[in-house]
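> What follows is a predicted structure for the sequence shown.
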Amino acid sequence: MGGVVILIVLLGIAFAAGYFTRDQISRKRHAQARRMRGYAKPDWDRATAPANTNEISSARPAAPVATGELGQMLNRWENRARARRAG
């Protein structure tokens, strides 16, 4: 029984090593392809910009967002769902 567990663990380690190696090779190939094509990082792609946050990046207050038809529809759906959950 212990031998089976050891084999399963070794198989898991082999799979992990394979995925790691595959990722490294893929990254190397992509980097080489970017170099050969003369890739330049776009100006809008900033590493310091927050992604998926609700924080406002500027110090000035945000302008109120006008709620259009889609926003009103989503608010109605949320209100109905909230009412259903409340009972």
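That came through fine.
> contacts, neighbours, all on C-alpha from now
OK.
> Name the SS class of residue 85, please.
helix (DSSP: H, G, I helix; E, B strand; the rest coil).
> what about the lowest-mean-pLDDT helix or strand in the chain, distance to the chain center?
One helix or strand of the chain scores below all others by mean pLDDT, DSSP states H and E: helix 69-86, with a mean of 88. Distance of helix 69-86 from the chain centroid (Cα atoms, centre = their mean, to the nearest Å) equals 27 Å.
> May I have the predicted confidence score for residue 60?
What the model reports for residue 60 is a pLDDT of 59.
> Now do the helices in this structure.
2-37, 69-86 (DSSP state H).
> Next, format the ones you listed as TSV and append mean neighbour count.
Formatted as TSV, those follow (neighbours: other Cα atoms under 10 Å):
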stretch	mean neighbour count
helix 2-37	11
helix 69-86	11
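> what stretches of this structure score poorly on pLDDT?
42-67 (pLDDT under 70).
> Mind doing that once more with 80?
38-68, 87 (pLDDT under 80).
> any idea which residue of it is furthest from its center?
residue 1 (40.9 Å; Cα atoms, centre = their mean).
> what's the distance between that one and residue 86?
Separation of residue 1 from residue 86 (Cα to Cα, to the nearest Å): 53 Å.
> and if you look at residue 30?
52 Å.
> which other residues reach the least confident helix or strand of the chain?
Helix 69-86 has contacts (Cα atoms under 8 Å, 6 or more residues apart in numbering) with no other residue.
> Just the CA coordinates for that helix, please, in PDB.
In PDB, the C-alpha atoms belonging to helix 69-86 read as follows (Å, rounded to 0.1, in the frame of the first residue of the first chain):
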ATOM      1  CA  GLU A  69     -31.100  52.500 -19.500                       C
ATOM      2  CA  LEU A  70     -28.800  49.500 -18.900                       C
ATOM      3  CA  GLY A  71     -27.900  50.800 -15.400                       C
ATOM      4  CA  GLN A  72     -31.500  51.300 -14.500                       C
ATOM      5  CA  MET A  73     -32.400  47.800 -15.700                       C
ATOM      6  CA  LEU A  74     -29.500  46.300 -13.600                       C
ATOM      7  CA  ASN A  75     -30.600  48.300 -10.600                       C
ATOM      8  CA  ARG A  76     -34.200  47.000 -11.000                       C
ATOM      9  CA  TRP A  77     -32.900  43.400 -11.200                       C
ATOM     10  CA  GLU A  78     -30.700  43.900  -8.100                       C
ATOM     11  CA  ASN A  79     -33.600  45.300  -6.200                       C
ATOM     12  CA  ARG A  80     -35.900  42.400  -7.200                       C
ATOM     13  CA  ALA A  81     -33.200  39.900  -6.300                       C
ATOM     14  CA  ARG A  82     -32.600  41.600  -2.900                       C
ATOM     15  CA  ALA A  83     -36.400  41.600  -2.300                       C
ATOM     16  CA  ARG A  84     -36.600  37.900  -3.100                       C
ATOM     17  CA  ARG A  85     -33.700  37.100  -0.700                       C
ATOM     18  CA  ALA A  86     -35.200  39.200   2.000                       C
END
